[in-house]
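S.K.: Fold the following, please.
(one chain, ligands or ions: 1)
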Amino acid sequence: MELDFVKLHGLGNDFVFIDDFSRDIELTQEQVALLCDRHFGIGADGVIMVRPSKRSECAAYMHYINADGTLAQMCGNGVRCFAKYLVDRGFVLASDGSFVADTLAGPKPISFEVDKHDKLTFATVDMGHPVLEPQNVPVDLPANALTDDETGFVKDSAIESPWGAFAFTCVSMGNPHAICFIDDFSTLPDELFVSASDKCLATLDLNRIGAYYESHLVFPEKTNVEFAHVGNDAIEMRVFERGCGETLACGTGACATNVAAALTGRASRENDVILRGGTLHIKWDADDHVMMTGPATEAFQGTVEL
Ligand SMILES: N[C@H](CCC[C@H](N)C(=O)O)C(=O)O
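M.R.: As a prediction, the model looks like this:
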């Protein structure tokens, strides 16, 4: 099967886009893994199929598949790239300035800016409400493990690992996220850093600890894992994504981390979130909507034989 594709990224979190408006393509997990393979394929964190939406208010439906072939409910960087894909090709009029994207996590209103050539540069996505009830994240922790008795949310709750217990706050943005804030890096064991003499977020051995918690038994649907540090005027984070491994950025992860920082009293409800690939601006507004603003970039187009 010959497939035309377009490669786009949001702060280096990159995706293979396939126009599936009229072909009803079903890719196998192996085909998705091959497309995402950075040596034998195109190379990406995931595949996004652009399909018609059954909802009249939505311009199109974004079907997001992780690099390992597993389906995910939502993709924040991906939906900004989805907006760019539609606006730059005229499926959505640049003059409209906004539209609604359909996703497995429901409709997501998007407003966007274009350059003088009517190409999308930035988008603001209404990512909807964060979900905090443990059973809906989902995360299975016994009540006595929860540090916040009133709400019963998983807030700075200890989850064991071979390197000690790390305190996680669990938030769903349609997909599960487990966020660990490291307030003092010196308290962590040397073996968790690629350089014990320089213990910081950048030297944390995320591939080891992230993989452990991604598949931890307390997460029945696995989870995206974030490690973050709240500085004077921004939140720094890295992410080990469910079904992908470490990515340079994660939109839903940045939203979940912003919510977790506010929930645990480490930050206000509006922050710049600094990721390895760049910065997203996140606001958890008074109506309990999380608004995410960031860029979307088209890298190249091509044709692939599957
Ligand atoms: N990179 C995506 C998140 C993908 C989440 C996926 N890995 C999952 O299984 O939930 C983002 O920008 O939100």
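
S.K.: near the ligand, which residues of the stretch 201-306 of the chain show up?
M.R.: 224, 241, 242, 243, 244, 247, 250, 251, 252, 253 (C-beta under 6 Å from any ligand atom). Every residue, glycine included, has its C-beta placed from N, CA and C.

S.K.: Columns distance to residue 204 on top of those, output as a markdown table?
M.R.: Shown next, in a markdown table, are these (distance: C-beta to C-beta, whole Å):
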| residue | distance to residue 204 |
| --- | --- |
| 224 | 16 |
| 241 | 15 |
| 242 | 18 |
| 243 | 21 |
| 244 | 18 |
| 247 | 15 |
| 250 | 16 |
| 251 | 21 |
| 252 | 21 |
| 253 | 15 |
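
S.K.: Widest-spaced pair of those residues?
M.R.: Across these, no pair lies farther apart than 243 and 251, at 15.3 Å, counting by C-beta to C-beta.

S.K.: in the stretch 151-300 of the chain, which spans are strands?
M.R.: For the stretch 151-300 of the chain, applying DSSP state E, counting those that start in this stretch gives strands covering 157-159, 166-172, 176-181, 224-230, 235-241, 245-247, 270-275, 278-284, 290-295, 297-305.

S.K.: Same list (the residues of the stretch 201-306 of the chain next to the ligand) but as TSV, adding distance to residue 305, neighbour count and pLDDT.
M.R.: What follows is these, written out as TSV (distance: C-beta to C-beta, whole Å; neighbours: other C-beta atoms under 10 Å; pLDDT from 0 to 100):
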residue	distance to residue 305	neighbour count	pLDDT
224	32	27	98
241	28	28	97
242	29	24	97
243	25	18	95
244	24	21	95
247	27	24	98
250	31	35	98
251	31	28	98
252	32	31	98
253	33	31	98
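
S.K.: Now, those that are in helices?
M.R.: Members of these lying in helices (criterion: DSSP state H): 251, 252, 253.

S.K.: Could you pull up the residues touching the last one?
M.R.: Residues counted as contacts of residue 253 (C-beta atoms under 8 Å, 6 or more residues apart in numbering) are 76, 177, 224, 226, 237, 239, 241.

S.K.: could you redo these as a markdown table and give each row distance to residue 51?
M.R.: As requested, these are exported to a markdown table (distance: C-beta to C-beta, whole Å):
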| residue | distance to residue 51 |
| --- | --- |
| 76 | 19 |
| 177 | 25 |
| 224 | 24 |
| 226 | 29 |
| 237 | 31 |
| 239 | 26 |
| 241 | 23 |
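
S.K.: Of those, just the buried ones, ChimeraX syntax please.
M.R.: Selecting only the buried entries of the contacts of residue 253 in ChimeraX, with 16 or more other C-beta atoms under 10 Å as the criterion:
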select :76,177,224,226,237,239,241
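
S.K.: Would you reformat the strands of the stretch 151-300 of the chain as a markdown table and include distance to residue 110?
M.R.: Output for these, formatted as a markdown table (distance: least, C-beta to C-beta, whole Å):
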| stretch | distance to residue 110 |
| --- | --- |
| strand 157-159 | 33 |
| strand 166-172 | 20 |
| strand 176-181 | 21 |
| strand 224-230 | 21 |
| strand 235-241 | 22 |
| strand 245-247 | 21 |
| strand 270-275 | 18 |
| strand 278-284 | 14 |
| strand 290-295 | 10 |
| strand 297-305 | 16 |
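
S.K.: Which among those strands is found nearest to residue 263?
M.R.: Nearest to residue 263, of the strands of the stretch 151-300 of the chain and by C-beta to C-beta, is strand 166-172 at 6.2 Å.

S.K.: Any part of that closest one near the ligand?
M.R.: No: Strand 166-172 lies out of reach of the ligand by C-beta under 6 Å from any ligand atom, never closer than 9.4 Å.
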